[in-house]
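Chemist: Below is the sequence, then the predicted model.
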Amino acid sequence: GQNIDQPTEMTATEGAIVQINCTYQTSGFNGLFWYQQHAGEAPTFLSYNVLDGLEEKGRFSSFLSRSKGYSYLLLKELQMKDSASYLCAVRDHGQNFVFGPGTRLSVLP
Amino acid sequence: DGGITQSPKYLFRKEGQNVTLSCEQNLNHDAMYWYRQDPGQGLRLIYYSQIVNDFQKGDIAEGYSVSREKKESFPLTVTSAQKNPTAFYLCASSIGASGNVEQFFGPGTRLTVL
């Protein structure tokens, strides 16, 4: 079966660092994606990992371990505008994407 | 400007009526997708299409139908057979090749069935 797990909610303080974890069990693996979604809006692409290791993109970094079925999204120097849901998605085979339930992050002043 | 458009943004229908949600893209993407999102939950795949005149069922296809007669368009019909149609519907597209083929999402249609 297909299963992706993420924490439901997280809270952090402005200026801090937060790590959002994602574990997955899918029938195949062709890459892992992180998306940001503000309430009532469409998801926007943040990062992509297909090989093990860390991908850094400004304040955001994403890590992947394929052997462990594990990824995390690291957000540094948190800003109020980072309050949103963060979706982990795996492309299993072909063009099918499987999404996790999302993690709602609240950034407090 | 290239992108994906969905219309309308808000849609109200009476129970028992079929309704069609529009999705158009001018990104020249081969693959298109329909997702449903319920409050506080992630995205669930309804249908996807990798090429014109071909589409596959996703995890929750019952009560929905699609067509892909043109590369640019992938309309979704919510039929009266769908038991709980009230939700936020998102259309997405991707290039369709391997590699970093992230999905681009439209703004979504919020459907409310009264």
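Modeler: The structure has been received and is ready for your questions.

Chemist: Could I get the contacting residues of A:A89?
Modeler: Residues near A:A89 by Cβ atoms under 8 Å, 6 or more residues apart in numbering or on different chains: A:4, A:32-35, A:97-100, B:43. For glycine as for every other residue, the C-beta is placed from the backbone atoms N, C-alpha and C.

Chemist: contacting residues for the nearest residue to B:Y35 once chain neighbours are set aside?
Modeler: Distances taken as Cβ to Cβ, 6 or more residues apart in numbering or on different chains place B:L43 nearest to B:Y35, at 4.1 Å, with adjacent residues excluded. Residues in contact with B:L43, defined by Cβ under 8 Å, 6+ apart, are A:43, A:87, A:89, A:99, B:35-37, B:90.

Chemist: Pull the most distant pair out of the residues you listed.
Modeler: A:A89 and B:R36 (14.9 Å; Cβ to Cβ).

Chemist: The residue nearest in space to the middle of chain B sits in which helix or strand?
Modeler: Among the residues of chain B, the one closest to the centroid is B:W34, at 2.8 Å (Cα atoms, centre = their mean). Here B:W34, judged by DSSP states H and E, is contained in strand B:31-37.

Chemist: what's the nearest residue to B:F74 if we skip its chain neighbours?
Modeler: B:M32 (4.0 Å).

Chemist: where are the low-confidence patches of the chain?
Modeler: Assuming you mean chain A. Where chain A drops to pLDDT under 70, the residues are A:1, A:94-95.

Chemist: sorry, should have said chain B
Modeler: For chain B (pLDDT under 70), the answer is B:1-2, B:97-100.

Chemist: Up against chain A, what does it have?
Modeler: B:31, B:33, B:35, B:40-45, B:48, B:50, B:58, B:88, B:90, B:94, B:96, B:98-108, B:110 (Cβ under 8 Å from any Cβ of the partner chain).

Chemist: Could you pick out which of these are located in strands?
Modeler: Taking DSSP state E as the definition of strands, those contribute B:31, B:33, B:35, B:43-45, B:48, B:50, B:88, B:90, B:94, B:104-105, B:110.

Chemist: Now, of the residues you listed, which are buried?
Modeler: B:31, B:33, B:35, B:43-45, B:48, B:50, B:88, B:90, B:94, B:104-105 (16 or more other Cβ atoms under 10 Å in any protein chain shown).

Chemist: Having no further points to raise, I will conclude here.
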